[in-house]
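> Give me the fold of what follows.
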Amino acid sequence: TNAAIVVDILSHLVSDGTTVVLSIQQPRLDIVRLLENVVVLSGNGEVVYSGALEGVPGYFRSLQRTEVRIAEGINYADSLIDLVMRSSPDTLTFLVKSFKERPLPETLAACPDAEGPDAQELIEGRSKAPIGARFTDQLTALGWRSLKNILRQPFLLSLHYLSTILLSLALGFIFYDTGKNSVGIQDRMGCLFFLLLYILIASLSSLPVWRDEQLLFTREVTQGCYGTVSYFTSVVLWDLLPMRVVPPCFFAVAYRLIGLQDSSQAHLACFVFILVLANVCLTSMMMAIGVLSPSNNLATVIGSVACLISVLLGGFVLNRISIPEYCLPLAYLSPLYYAFEALLLNEFQGQKGYVFNAAADPNLFVEVSGDEVLSTFGYTATHAELMLDLGALALLSAVFLALGVIGLVRIARASSGSSQGA
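The predicted model follows:
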């Protein structure tokens, strides 16, 4: 049969040194003979027997109870299934307890590390805390898994890159060679805010990042496969690096086509850095909202409201000077509030040649500097202000990531408590 062929192939893999874990139901005798070690579980998932297949009759004979004896030379799989399915609750309890309290095998007893209360608890299957790998090993393993998931489903990443490149080219041609008059000043500010708006909308894709693997995460973390912090770090790194750090770099193409600040390469580098930092901050905010919300639907609503507030108080829709005092706390929590100011400072600070002109009369105009343009819209044209904006974005990113860790720890503890209660 196909099952026998598959198991035969797996047995050849074992002979080559590969460990194979196989879950099988009611195998035939020819399939059973290919197995080396078996694990038998009760209906409650507790271990009744674990060891070599040839040791099944000897182990159950050593229990010295007639109802649990298994004859030699028969299909042990059928006998084990009958034993588990037809035994009374008292008999199953006896089998589980007997396995936990079985004598220490000589090979394990001879091991120099199998000493002390911790080793004895581990042998008896009553270890109080799972023994995990080092943080770096956990992070490496989880990182490889995340990379494989990206490579298996590259559509989202490819779409993200392609849409960013196309948008960069589109903005470059729409705002091509923007001037420095009143219309040009408005176009420059509108283009910079539109870039932030695109990044904000794209960050919404991080809302369900925790929910997609929540069931897998809770199962693995409660079994001690890895720690919550290592899982969080892996997911954040593999979401931020390919999805949030690389795409903003493509907007360098639009930067040149539009004719933004080109007095030095440092302005272009600062422009890209601000976009990357803003993207990381907005994504971290969405991640925190996603993990702290009890459902994806609620996370979507909260994330959408957060987007609207950020857009309203970002400094473009509503002039910074006009923001009411009771709205300032919300503005200070908005990444767009700092990112938009940083982009404007990078673009206008210290520059000359701008003109405020009247469309009705071309002869009516006033030459102004970039610092005067900034002051007109309520911004302070200093290098220190730019550093404060960058620092605020970095601080908000750290706060949002910390909230994400707290939310994941809460989920892990709740899952661990429910599993222990069950």
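
> Put the alpha carbons of stretch 234-245 into CSV.
Extracted in CSV, the C-alpha atoms of stretch 234-245 (Å, rounded to 0.1, in the frame of the first residue of the first chain):
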residue,chain,number,x,y,z
SER,A,234,12.5,37.6,15.1
VAL,A,235,9.1,38.7,13.8
VAL,A,236,10.0,42.4,14.2
LEU,A,237,13.3,42.0,12.4
TRP,A,238,11.9,40.1,9.5
ASP,A,239,9.0,42.5,9.1
LEU,A,240,11.0,45.7,9.5
LEU,A,241,14.1,44.9,7.5
PRO,A,242,12.6,43.7,4.2
MET,A,243,9.3,45.5,4.4
ARG,A,244,10.0,48.8,6.2
VAL,A,245,13.7,49.6,5.7
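
> which parts of that stretch are buried?
234-236, 238-240, 242-245 (16 or more other CB atoms under 10 Å). Every C-beta, even on glycine, is put in place using the N, C-alpha and C of the backbone.

> okay, the nearest residue to S369 once chain neighbours are set aside: pLDDT?
Leaving aside its sequence neighbours, S369 sits nearest to K352 (CB to CB, 6 or more residues apart in numbering; 5.5 Å). Predicted confidence (pLDDT) for K352: 88.

> From F377, how far off is K352?
Distance of K352 to F377, computed by CB to CB, to the nearest Å: 18 Å.

> Could you check which of the two has the larger neighbour count?
Taking neighbours as other CB atoms under 10 Å, K352 and F377 compare with F377 leading, 16 against 10.

> State the helix or strand in which Y49 lies.
Using DSSP states H and E, Y49 sits in strand 47-52.

> What's the mean pLDDT across that strand?
86.

> Now the element after it, going C-ward?
Criterion used, DSSP H and E; the element after strand 47-52 is helix 56-62.

> Please list the residues outside that next one that contact it.
With contacts defined as CB atoms under 8 Å, 6 or more residues apart in numbering, helix 56-62 is touched by 38, 49, 51, 68-72, 76, 79-80, 83.

> Enumerate the helices of the stretch 251-400 of the chain by residue range, in sequence order.
252-258, 265-292, 296-312, 328-332, 335-348, 370-376, 383-421 (DSSP state H, counting those that start in this stretch).

> same deal with the stretch 1-150 of the chain?
With helices called from DSSP H, counting those that start in this stretch, the stretch 1-150 of the chain shows them at 2-15, 29-32, 56-62, 76-86, 89-100, 106-109, 116-123, 135-152.

> What is the second one packed up against?
The one in question is helix 29-32. Applying 3 or more CB pairs under 8 Å, 6 or more residues apart in numbering; DSSP states H and E, one finds that helix 29-32 makes contact with helix 2-15.

> What is the helix it packs on packed up against?
By 3+ CB pairs under 8 Å, 6+ apart, helix 2-15 packs against helix 29-32.

> List the buried residues of the helix it packs on.
Going by neighbour count (16+ other CB under 10 Å), the buried part of helix 29-32 is 31-32.

> Next up, the contacts around the closest residue to E385 other than its chain neighbours.
Leaving out its chain neighbours, the residue that sits closest to E385 by CB to CB, 6+ apart is L345, at 6.3 Å. The contact partners of L345, taken as CB under 8 Å, 6+ apart, are 374, 379, 381, 385-386, 389.

> do you know how far D78 is from R86?
Using CB to CB, one gets 12 Å for the distance from D78 to R86.

> Tell me which of those two has more neighbours.
The residue with more neighbours, out of D78 and R86, is D78; 15 against 9, by other CB under 10 Å.

> Now the more buried one: closest residue in space that isn't a chain neighbour?
Distances taken as CB to CB, 6+ apart put Q26 closest to D78, at 7.0 Å, once the chain neighbours are dropped.

> Is there a neighbour count for I165? I'd like the number.
I165, neighbours per other CB under 10 Å, totals 15.

> what helix or strand does it sit in?
Going by DSSP H and E, I165 is in helix 155-174.

> and the angle from that helix to helix 135-152?
Angle, helix 155-174 to helix 135-152, by axes from the mean of the first three to the mean of the last three CA atoms, to 10 degrees: 70 degrees.

> Give the rounded mean pLDDT of the helix or strand just after helix 155-174.
Using DSSP H and E, the next helix or strand after helix 155-174 towards the C-terminus is helix 182-203. If you average the pLDDT over helix 182-203, you get 93.

> Next, the buried residues of helix 182-203.
Residues of helix 182-203 classed as buried by neighbour count (16+ other CB under 10 Å): 182, 184-185, 187-189, 191-193, 195-200, 202-203.

> So which elements touch that helix?
With contacts taken as 3+ CB pairs under 8 Å, 6+ apart, helix 182-203 sits against helix 155-174, helix 252-258, helix 265-292, helix 296-312, helix 335-348, strand 354-357.

> show me where pLDDT drops low in the chain?
Applying pLDDT under 70 to the chain picks out residues 1, 104-132, 263, 360, 362, 416-422.

> Just give me the residue right at the centre of it.
Centroid check for the chain by CA atoms, centre = their mean gives V235 as the closest residue, at 2.7 Å.

> what helix or strand is it on?
With DSSP H and E as the criterion, V235 is inside helix 228-240.

> tell me the angle of that helix relative to helix 135-152?
Calculated by the same axes, to 10 degrees, helix 228-240 forms an angle of 40 degrees with helix 135-152.

> right, and the residue nearest to D78 touches S79 too?
No: using CB atoms under 8 Å, Q26 makes no contact with S79, being 11.5 Å away.

> how close does P27 sit to H12?
Here P27 is placed at a distance of 17 Å from H12 (CB to CB).

> neighbour-wise, which of those two wins?
The neighbour comparison of P27 against H12 (other CB under 10 Å) goes to P27, with 20 against 11.

> from memory the more buried one sits against A3, does it?
Yes: between P27 and A3 a contact is recorded at 7.1 Å, counting by CB under 8 Å.

> Kind regards, and thank you for your time.
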